[in-house]
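> can you look at this prediction? I've put the sequence above it.
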Amino acid sequence: MSESPGNPPAPGLVSLIGAGPGDPGLITVRGRDALERAQCVLHDHLANPALLKLAPHAEHIYVGKKRSEHPVPQSEITGLLIRKSLAGLRTARLKGGDPYLFGRGGEEAEALALAGIPFEVIPGVTASLGIGAYCGVPLTHRDHNSAVTFITGHDPAAINWPAVAASETLVIYMGLASITEITARLLAAGRSPETPAIAVRWGTRPEQSTLRSTLGALAGDIAGARVRPPATILIGDVVALSDRLNWYERLPLYGQRIVLTRAGEQSAESSSLLTALGASVLELPTIAILPPLSWTALDTAIEGLTTYDWLVFTSVNGVRFFLERLDASRHDLRSFRGRIAVIGERTRDAVQKLHLKVDLLPREFVAESLLEAFAGHPIAGQRILIPRAEAAREVLPDTLRTRGASVDVVPAYRNAIPEEAAARAAEIFRDPPHWITFTAASTVKNLLALVPREALAHTRIASIGPVTSDALRQHGLCPGAEASPYTMAGLTAAILRATRS
């Protein structure tokens, strides 16, 4: 039943979502689904910003708190949740860890219930569970403990320390500022100063760092190492297992900061490959994929699609924009009766998703290898259509023409430098990363339009193939790793080899 004109909308559902301990992959499926449906997201300091990509069209409002910095009071946060709901918006409250474990989710749920706002609570992996898993500390273990106690370090005087000290394993949230008092009270309550202890900063993220110590030395070690929030502290005999079970910090690319320069919409696969190996991935899109300045050439080619013998795609973007323009025309793929050639496996996959067969795939994913593959096909007198970027190498069409083919190269898209790239580049290169990856000659040219060549002096360079490597050398840069095969998987493997050597 539709609303009458002038009636207020029905209140929107508010989802209190646990974002997990830091690794965006640890959010629950239900939490992900709620974010994707959200029209407004209120997010905390400890919720990984990468999760906001799940709600790209929602309004994002930062309401984070740090130890001594609360720019948005809790009363204003609950007021915002209520107002957004009463405006009819599905609202997500994205909270680090779990909403109900030291996350003030209970207070927010109470306020929503009192205001008659519909809400749901979606649990998350709380920080201690994620941190324990990623630094090699099982919070329970048959041989070490049968009880775990969770405490917060905000107000040590309010805690029953003799009772807490009797628990085999202690997890202390937000305890850095009061760690001297906390350890003194535990020791006074009879806990051994030799009890293993560990402080973990930014647990489960690529920047995770751990400080291993003992209860007696912990406060001094934290001060000496200048450990800053956010950090979680684990104390107990089971902590000794960390040396043996700490799998995360042994990943081959752990601690490596690696820059991706390819277009933002194409970074997900690359980022996943590197992150799974422990790298901290910094996205710096140097290319924005845009429509061509004019569709005339491509539209004309589509009108004559029945006359072509070959359709050649040199990128996934070429496939995407060609199909979008074809859909906008009075034609469809039935108009094309020739054969299809592609450069690269991902481009082949894009074609095959259309339930089309690829007739020609080169051994190596560069134009020269595709020309070798064409050598086995008589193309003299045949018409070939190549929808591609506005600016690209001419070796493929020029060589096909010398072999007697009639080749039409039409712009299907163009590359531009994203508006926000300069600010992002300045932010990244304040602290030089370990690696920067280049996936095309255009990424080299565009990156050097954003930062001087000298900015790369302390950063190793990885290239996706010989064409990109040649572009690097032309600018006085030497790749420290080159992919083979010329794919992101090949590039990742090349970085691994170079890092180990």
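Structure's in. What do you need?

> which residue comes closest to the most far-flung residue of the chain relative to its centre once chain neighbours are left out?
Here the chain reaches farthest from its C-alpha mean at Gly381, the gap being 47.8 Å by Cα atoms, centre = their mean. Of all residues not flanking Gly381 in the chain, Gly404 sits nearest, at 6.1 Å (Cβ to Cβ, 6 or more residues apart in numbering). Bear in mind the C-beta positions are built from the backbone N, C-alpha and C, glycine included.

> ok, that neighbour - how many residues close by?
11 (other Cβ atoms under 10 Å).

> against Thr306, how distant is the residue farthest from the centre of the chain?
From Gly381 across to Thr306, the span is 17 Å (Cβ to Cβ, to the nearest Å).

> hmm, Gly20 is touching Val125, no?
Yes. Using Cβ atoms under 8 Å, Gly20 is in contact with Val125, at 4.4 Å.

> give me the more crowded residue out of those two.
Gly20 (28 against 22).

> so how far is His60 from the residue lying closest to that one once chain neighbours are set aside?
Nearest residue to Gly20 in three dimensions, chain neighbours excluded: Leu26, at 3.8 Å (Cβ to Cβ, 6+ apart). Per Cβ to Cβ, Leu26 is found 20 Å from His60.

> who has more neighbours, these two?
Neighbour count, other Cβ under 10 Å: between Leu26 and His60, Leu26 has more, with 20 against 15.

> just list the residues touching the more buried one, thanks.
By Cβ atoms under 8 Å, 6 or more residues apart in numbering, Leu26 lies in contact with Gly20, Gly124, Val125, Gly130, Thr204.

> burial check on the fourth one, number of neighbours?
So the one you mean is Gly130. For Gly130, using other Cβ under 10 Å, the count is 23.

> ok so it is a strand residue?
No. With DSSP: H, G, I helix; E, B strand; the rest coil as the criterion, Gly130 is helix rather than part of a strand.

> nearest residue to it other than its sequence neighbours?
Per Cβ to Cβ, 6+ apart, closest to Gly130 is Pro21, 3.0 Å.

> now swap in the second one and tell me
Nearest non-adjacent residue to Gly124, counting by Cβ to Cβ, 6+ apart: Gly18, 1.7 Å away.

> pretty sure Thr261 sits against Leu448.
No. Counting by Cβ under 8 Å, Leu448 is not a contact partner of Thr261; they are 10.6 Å apart.

> need the max-distance pair from the contacts of Leu26.
Greatest spatial distance in the contacts of Leu26: Gly124 and Thr204, 11.8 Å, computed using Cβ to Cβ.

> can you give me the strands in the stretch 51-200 of the chain?
59-62, 91-95, 119-122, 148-152, 169-173, 196-201 (DSSP state E, counting those that start in this stretch).

> among the ones you listed, which is nearest His377?
strand 59-62 (52.0 Å).

> helices or strands up against the closest one?
Judged by 3 or more Cβ pairs under 8 Å, 6 or more residues apart in numbering; DSSP states H and E, strand 59-62 is in contact with strand 40-43.

> what lines up beside the strand it packs on in the sheet?
Applying DSSP bridges to the sheet, strand 40-43 is found paired with strand 59-62 (parallel), strand 91-95 (parallel).

> quickly compare those strands and say which is most buried.
Counting by mean count of other Cβ atoms under 10 Å, strand 91-95 has the highest mean neighbour count of the strands paired with strand 40-43, with a mean of 30.

> quick one: that one to chain centroid distance?
With Cα atoms, centre = their mean, to the nearest Å as the basis, strand 91-95 stands 19 Å off its chain's centre.

> cool, and stretch 22-29?
Distance, centroid of stretch 22-29 to centroid of chain: 11 Å (Cα atoms, centre = their mean).

> avg pLDDT for stretch 286-296?
Stretch 286-296 comes out with an average pLDDT of 92.

> in it, which residues are buried?
By 16 or more other Cβ atoms under 10 Å, the buried positions in stretch 286-296 come out as Thr286, Ile287, Ala288, Ile289, Pro292, Trp295.

> quick one: end-to-end distance for that stretch.
For stretch 286-296, the first-to-last residue distance is 27 Å (Cα to Cα, to the nearest Å).

> ok, and what's touching the lowest-mean-pLDDT helix or strand in the chain?
One helix or strand of the chain scores below all others by mean pLDDT, DSSP states H and E: helix 267-275, with a mean of 86. Around helix 267-275, the neighbours that count as contacts under Cβ under 8 Å, 6+ apart are 25, 206, 253, 258, 260, 262, 281, 283, 285, 437, 488-489, 491-492, 495.

> got the buried residues for it?
Under the neighbour-count criterion of 16+ other Cβ under 10 Å, helix 267-275 has Ser267, Ser270, Ser271, Leu273, Leu274, Thr275 buried.

> partner strands of the top strand by length along the chain and their direction?
Secondary structure of the chain per DSSP state E: the longest strand is strand 406-416. The pairing partners recorded for strand 406-416 under DSSP bridges are strand 288-290 (antiparallel), strand 383-389 (parallel).

> moving C-terminal of the first one, what's the next helix or strand?
Downstream of strand 288-290, the next assigned helix or strand under DSSP states H and E is helix 296-303.

> quickly note the distance from the nearest residue to Leu477 once chain neighbours are set aside to Leu496.
Counting by Cβ to Cβ, 6+ apart, Leu477 lies nearest to Ile461, which is 5.8 Å off, once chain neighbours are set aside. According to Cβ to Cβ, Ile461 stands 15 Å off from Leu496.

> and if you look at Ile417?
Ile417 is 30 Å from Leu496, by Cβ to Cβ.

> and for Ala412?
34 Å.

> so where's the chain shaky on pLDDT?
1-6, 66-70 (pLDDT under 70).

> count the residues that sit near Thr183.
Every residue meeting other Cβ under 10 Å relative to Thr183 is counted, giving 27.

> so the residue nearest to Arg32 when sequence neighbours are not counted versus Ile27, what's the distance?
Among residues not flanking Arg32 along the chain, Leu54 sits closest, at 5.9 Å (Cβ to Cβ, 6+ apart). Distance of Leu54 to Ile27, given as Cβ to Cβ: 8 Å.
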